[in-house]
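> fold the following for me, if possible:
(one chain, ligands or ions: 1)
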Amino acid sequence: EGLHSLMVAAGKLFFGTATDTNLFNDTAYQSIATNANEFGLHVPENSQKWQPTEPVEGQFDFVNPDTVASRARAQGQMFRCHTLTWHSQLPNFVQTTQWTRETLTLAIQTHITNTVTHFKGQCYSWDVVNEALNDNGTMRNDVFFRTLGTDYLAISFLAARAADPGAKLYYNDFNLETLQAKADGAVRIIQLLQQQQQSTSGAVVTPVVDGVGFQAHFNVGQTPNKTSLMATMSRFVAMGLEVSFSELDIAHTRLPATEAALRQQAEDYVTVVDACLSTPRCVGITVWEFTDKYSWIPSTFPGEGDACLFSANMTRKPAYSSVSSFLASA
Ligand code: G3I
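As a prediction, this is how the structure comes out:
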């Protein structure tokens, strides 16, 4: 039995992983990634972002994320979609055009309408807005905020909802789990969107926002405890939303990892899984790659890493065994 099967047996929707087409010719990697009992959901790690999908204004390319989606479907896996309005991995034209409110609104709507329509019916959820906040809870001063203020949030969510009413629409961010001020900022974002929803119609309306994704990029020994994780998630559940851990990995800040550090990593992974299982509206967990071979961390934080459930040579680490036995006993 794999992690996904165990997670489903424990009442959740998925245990998934990020992956992408650049890894599809690594056969050892693929034999694990394609096992639907192990990972029941795939999300493109990069190929569905704005830069690769609309590199030139109005010219769309969905070949790579289509491949991720069609293989997931063929393997009986769910598909999660990532991401639409984000300050990083933007095409040049978004960064260099002298936008007005009107032209940037149209550019966001064009990108979201085309992209979400293309994948209509295939996405369990969309990360509609990603990482809009600074760590202190204020809005990130990116091209969207500079031009549109917080209006870009509702513009994005409304365009996504119109293009695929069946996909769950998420706000996704990191450090919400550890920084109270940043979680406060996310609460304000959800409140803004929910007010927008009320002001567009007096009658019963479909919620504009459905969920919050907690990226859960943690460090070994510094992972928040279960009580703290549950308390943060409950703030959003209380606002009517579902939640998930959307990009889980737990990095060693010192390498090579000692035996003790590997045990601590295993304990930290179990803490996160436990917090999800104990939160009825936590629908699932996605790891941001499952092997140390392809983790994003070493290139961003040199000297750190080995954050995944499988080693670089694809063996199961203590963290894998602990999560697996924890789920089996849940
Ligand atoms: O595709 C180009 C390639 O053409 C070029 O030759 C090569 C040389 O640097 O770069 C390639 O682009 C890289 C891209 O990944 C695809 O491999 C970028 O340099 C690299 O910066 C990019 O990193 C990604 C990062 O997002 C970008 O911000 C990571 O793989 C990806 O794991 C990471 O994922 C993010 C989530 O989307 C949002 N949350 C945080 C998370 C981790 O940073």
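> so who does residue 75 touch?
Neighbour list for residue 75: 34, 36 [criterion: C-beta atoms under 8 Å, 6 or more residues apart in numbering]. Using the backbone N, CA and C atoms, a C-beta is placed for each residue, glycine as well.
> now do residue 135 against residue 225, distance only.
Using C-beta to C-beta, to the nearest Å, residue 135 is found at 20 Å from residue 225.
> next up, the contacts around the residue in the stretch 51-200 of the chain that the ligand sits nearest to.
Nearest residue of the stretch 51-200 of the chain to the ligand (C-beta to the nearest ligand atom) works out as residue 88 at 4.4 Å. Neighbouring residues of residue 88 by C-beta under 8 Å, 6+ apart: 49, 131.
> what's the helix or strand for it?
For residue 88, there is no host helix or strand (DSSP states H and E).
> what's the answer for residue 83, then?
Assessed by DSSP H and E, residue 83 sits inside strand 81-85.
> heading C-terminal from that strand, find the next helix or strand.
Counting by DSSP H and E, the next helix or strand C-terminal to strand 81-85 is helix 92-96.
> now that next one: buried residues?
Judged by neighbour count (16 or more other C-beta atoms under 10 Å), helix 92-96 contains these buried residues: residue 94.
> how far is it from where the chain is centred?
24 Å (C-alpha atoms, centre = their mean, to the nearest Å).
> hmm, that helix in reach of the ligand?
No - Helix 92-96 lies out of reach of the ligand by C-beta under 6 Å from any ligand atom, never closer than 13.8 Å.
> give the rounded mean pLDDT of the lengthiest strand in the chain.
Ranked by residue count under DSSP state E, the longest strand found in the chain is strand 242-251. Mean per-residue pLDDT for strand 242-251: 98.
> tell me the angle that strand makes with strand 81-85.
Strand 242-251 runs at 100 degrees relative to strand 81-85, counting by axes from the mean of the first three to the mean of the last three C-alpha atoms, to 10 degrees.
> strand 242-251 packs against which elements?
Judged by 3 or more C-beta pairs under 8 Å, 6 or more residues apart in numbering; DSSP states H and E, strand 242-251 is in contact with strand 168-173, strand 211-214, strand 217-219, helix 226-237, helix 259-277, strand 282-287.
> for residue 317, which of these is the nearest?
Closest of those to residue 317 is helix 259-277, at 6.6 Å (criterion: C-beta to C-beta).
> what strand or helix carries the residue nearest to residue 152 when sequence neighbours are not counted?
Distances taken as C-beta to C-beta, 6 or more residues apart in numbering place residue 144 nearest to residue 152, at 4.1 Å, with adjacent residues excluded. Under the criterion of DSSP H and E, residue 144 resides in helix 143-148.
> who does the very next helix or strand once past that helix touch, helix- and strand-wise?
Using DSSP H and E, the helix or strand that follows helix 143-148 in sequence is helix 151-163. Packing contacts for helix 151-163, counted by 3+ C-beta pairs under 8 Å, 6+ apart, involve strand 81-85, helix 101-118, strand 125-130, helix 143-148, strand 168-173, helix 180-200.
> give me the mean pLDDT for helix 151-163.
96.
> quick one: buried residues of it?
For helix 151-163, using 16+ other C-beta under 10 Å, the buried residues are 151, 152, 153, 154, 155, 156, 157, 158, 159, 160, 161, 163.
> how close does the second one sit to residue 119?
Computed with C-beta to C-beta, the distance linking residue 152 and residue 119 is 21 Å.
> near the ligand, which residues of the stretch 51-200 of the chain are found?
Taking C-beta under 6 Å from any ligand atom as the contact definition, the stretch 51-200 of the chain meets the ligand at 88, 89, 130.
> for the strand holding residue 83, which strands pair with it and how are they oriented?
strand 125-130 (parallel) (DSSP bridges).
> any stretches of the stretch 51-200 of the chain with poor pLDDT?
Across the stretch 51-200 of the chain, residues meeting the criterion (pLDDT under 70) sit at 199-200.
> any idea how far residue 45 lies from the ligand?
5 Å (C-beta to the nearest ligand atom, to the nearest Å).
> what's the burial count for that residue?
Close neighbours of residue 45, defined as other C-beta atoms under 10 Å, add up to 21.
> likewise residue 212?
Other residues lying near residue 212 total 26 when counted by other C-beta under 10 Å.
> just give the nearest non-adjacent residue to it, would you?
Leaving out its chain neighbours, the residue that sits closest to residue 212 by C-beta to C-beta, 6+ apart is residue 236, at 4.5 Å.
> list the contacts of the residue of the stretch 151-300 of the chain found nearest the ligand.
The nearest approach of the stretch 151-300 of the chain to the ligand comes at residue 296, 3.4 Å away (C-beta to the nearest ligand atom). Residue 296 sits next to 45, 288, 289 when contact means C-beta under 8 Å, 6+ apart.
> doesn't the last one fall inside a helix?
No - with the criterion set as DSSP: H, G, I helix; E, B strand; the rest coil, the secondary structure at residue 289 is coil rather than a helix.
> tell me the pLDDT at it?
Per-residue pLDDT puts residue 289 at 98.
> please apply the same query to residue 203.
Confidence at residue 203, expressed as pLDDT, is 65.
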